[in-house]
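A.B. asks: with the input below, show me the fold.
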Amino acid sequence: MVEKYTTDSGITVLLEPIEGVVSISAGLWVRVGSRHEHPPYYGYAHFIEHMLFKGTKRYSACDIARMVDRVGGQHNAATNREYTCYYINVISEHLPLTVEILSDMYYNSLFDGEELEKEKNVILEEIRMYEDTPDELVHDHFIETVLSGHPLAHPIVGNSNSIKETSRKKLVDFFGNHYFDTNCLFVIAGNFDIELAKRQIDRCFRKNSEKKKIEFPGTGLKSPESWRHIHRDLEQVHFCIGVEGVNKNDDDRWALFALSTLLGGSMSSRLFQNIREKEGLCYSIYSFHSTYEDTGLFGIYCGTSPENFSKVVDLILQECRQVVEYGVSPEELNDTKSYMKGNIALSLESTEVRMGQLARNEMNYGRCIPFQEIVEQIDRIEIDDVTRVSRRLLKDKTLTMVSIGNIGKEAGKKEFRM
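C.D. replies: You can find the predicted model right below:
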């Protein structure tokens, strides 16, 4: 049973006790991500994520790390395109310490000038790391290409110029315009006493920061390039191919989940079996989908040798056309739905996953969505639903290709028409 309430300062609190575990996962979630950044401030949501670990009025960065490490805990953060999360996982007896640390980071971070300059270099190294990791970099270029012109399109980490030009004033201003109590959630899942948690949360989160109006950058989409190629002297060609997807409230979102799963979401999926197992043309191939407030993304990733690139792409398009034209069998859909339900159920064995699911459901839908309701949504998916969404997204469409590697003169000169 999940308990939900709002603190006097306006923070939404979600508490889910779980029997049979010895730990808790506690997270501070802020409804701000890279999509809330205007061009001069690209990467600022992610930069702030780094800075909140760099010292407060009470604790240095080393103190924060030591306090969590001393009790065998784990602390981390993640910046998404629509939210940021700071979380700590510890055994249950250390819940008070966890709440205290997260509240202190939120209310009392120093944004020290010297630490900020050092962290610039850390983030620039992070950007360089992505540049040297083509199987990750291709995804950033893919969303940038498919959603060209949309505030979701730019990289979460920003770019070298925006990071180099960051000042303490600009970063603190961005923080002040987005980090206020009514824009935050505090979530705990695990083995804990609700009343103890509520007392600690109400003691630590009570500053009642001023509510601000968040302005969203413009959301106009441009026509995407049909093929963006980045030449690199690599052993493989890494590529994503796909289209704009559906938003998080779209009626077809569950059918798209099923389509993505049966195409390339498991080891028994069509793409994995026919391209990796049957043909032996790649090591990694999978499909993916993301849903956001007002749009989404659907695509397929693969890494293969340059000489096999064209054949692999043709086989991927062939599998997509098969679904569009002929649909799926009852057995295939039933297996897909069973996989989806089992995969979600197993993930919920983790207190960290449970904590994250509570937060995302609250931010996206304003309520807790129990596992049984998810099962019912999956069970409702019919063959016609999968066929409909496949035709909606793919039929007679030109897919967007983004590739990184060395494929010679053909790069960027072809359209991938369904």
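
A.B. asks: and residue 150, what element?
C.D. replies: Residue 150 belongs to no helix or strand when assigned by DSSP states H and E.

A.B. asks: what's the spacing between it and residue 224?
C.D. replies: 10 Å (Cβ to Cβ, to the nearest Å). (C-beta placed from N, C-alpha, C; glycine too.)

A.B. asks: list the contacts of stretch 354-365.
C.D. replies: 2, 4, 12, 14, 16, 18, 25-27, 29, 31, 82-83, 85, 87, 185, 187-190, 248, 348, 367-369 (Cβ atoms under 8 Å, 6 or more residues apart in numbering).

A.B. asks: report the rounded mean pLDDT for it.
C.D. replies: For stretch 354-365, mean pLDDT rounds to 97.

A.B. asks: find the nearest non-adjacent residue to the residue most central in space within the chain, please.
C.D. replies: Here the mean C-alpha position of the chain is nearest to the C-alpha of residue 80 (Cα atoms, centre = their mean), at a distance of 5.1 Å. Leaving out its chain neighbours, the residue that sits closest to residue 80 by Cβ to Cβ, 6 or more residues apart in numbering is residue 33, at 4.9 Å.

A.B. asks: burial count for the one you found?
C.D. replies: For residue 33, the count of nearby residues is 22 (other Cβ atoms under 10 Å).

A.B. asks: wait, it touches residue 156, no?
C.D. replies: Yes: the criterion here is Cβ atoms under 8 Å, and residue 33 meets it with residue 156 at 7.3 Å.

A.B. asks: next, show the common contact partners of the two.
C.D. replies: Here residue 33 and residue 156 have 45, 79, 80, 81 as joint contacts, going by Cβ under 8 Å, 6+ apart.

A.B. asks: which of the residues you listed tops the neighbour count?
C.D. replies: Most surrounded of the shared contacts of residue 33 and residue 156: other Cβ under 10 Å gives residue 45, at 27 neighbours.

A.B. asks: separation between that one and residue 177?
C.D. replies: Distance from residue 45 to residue 177, by Cβ to Cβ: 11 Å.

A.B. asks: note down every partner strand of the lowest-mean-pLDDT helix or strand in the chain and its orientation.
C.D. replies: Lowest on mean pLDDT, DSSP states H and E among the helices and strands of the chain sits strand 416-417, with a mean of 92. When pairing is defined by DSSP bridges, strand 416-417 lines up against strand 398-405 (antiparallel).

A.B. asks: which parts of the partner strand are buried?
C.D. replies: Along strand 398-405, these residues count as buried under the neighbour rule (16 or more other Cβ atoms under 10 Å): 399, 400, 401, 402, 403, 404, 405.

A.B. asks: tell me which two of those sit farthest apart.
C.D. replies: Using Cβ to Cβ, the two most remote members of these are 399 and 405, lying 18.2 Å apart.

A.B. asks: list the contacts of residue 395.
C.D. replies: Contacts of residue 395 (Cβ under 8 Å, 6+ apart): 324, 418.

A.B. asks: report pLDDT for it.
C.D. replies: 96.

A.B. asks: phi, psi of it?
C.D. replies: phi -60, psi 130 (degrees, to the nearest 10).

A.B. asks: and it, how far from residue 275?
C.D. replies: Applying Cβ to Cβ, the value for residue 395 to residue 275 is 22 Å.

A.B. asks: ok, residue 138 next?
C.D. replies: 17 Å.

A.B. asks: circling back: for the residue nearest to residue 80, what are its contacts?
C.D. replies: Residue 33 neighbours (Cβ under 8 Å, 6+ apart): 45, 79, 80, 81, 82, 83, 84, 156.

A.B. asks: redo these as TSV? Include secondary structure, pLDDT and distance to residue 131.
C.D. replies: Shown next, in TSV, are the contacts of residue 33 (DSSP: H, G, I helix; E, B strand; the rest coil; pLDDT from 0 to 100; distance: Cβ to Cβ, whole Å):
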residue	secondary structure	pLDDT	distance to residue 131
45	helix	98	20
79	strand	97	18
80	coil	96	21
81	coil	97	20
82	coil	96	24
83	coil	97	25
84	strand	98	23
156	coil	97	14
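
A.B. asks: right, and residue 222 touches residue 149 too?
C.D. replies: Yes: contact criterion Cβ under 8 Å: residue 222 and residue 149 qualify, at 3.7 Å.

A.B. asks: residue 123 contacts residue 160, correct?
C.D. replies: No: applying Cβ under 8 Å as the test, residue 123 and residue 160 come out as separate, 9.3 Å apart.

A.B. asks: which one's more surrounded, these two?
C.D. replies: The residue with more neighbours, out of residue 123 and residue 160, is residue 123; 21 against 15, by other Cβ under 10 Å.
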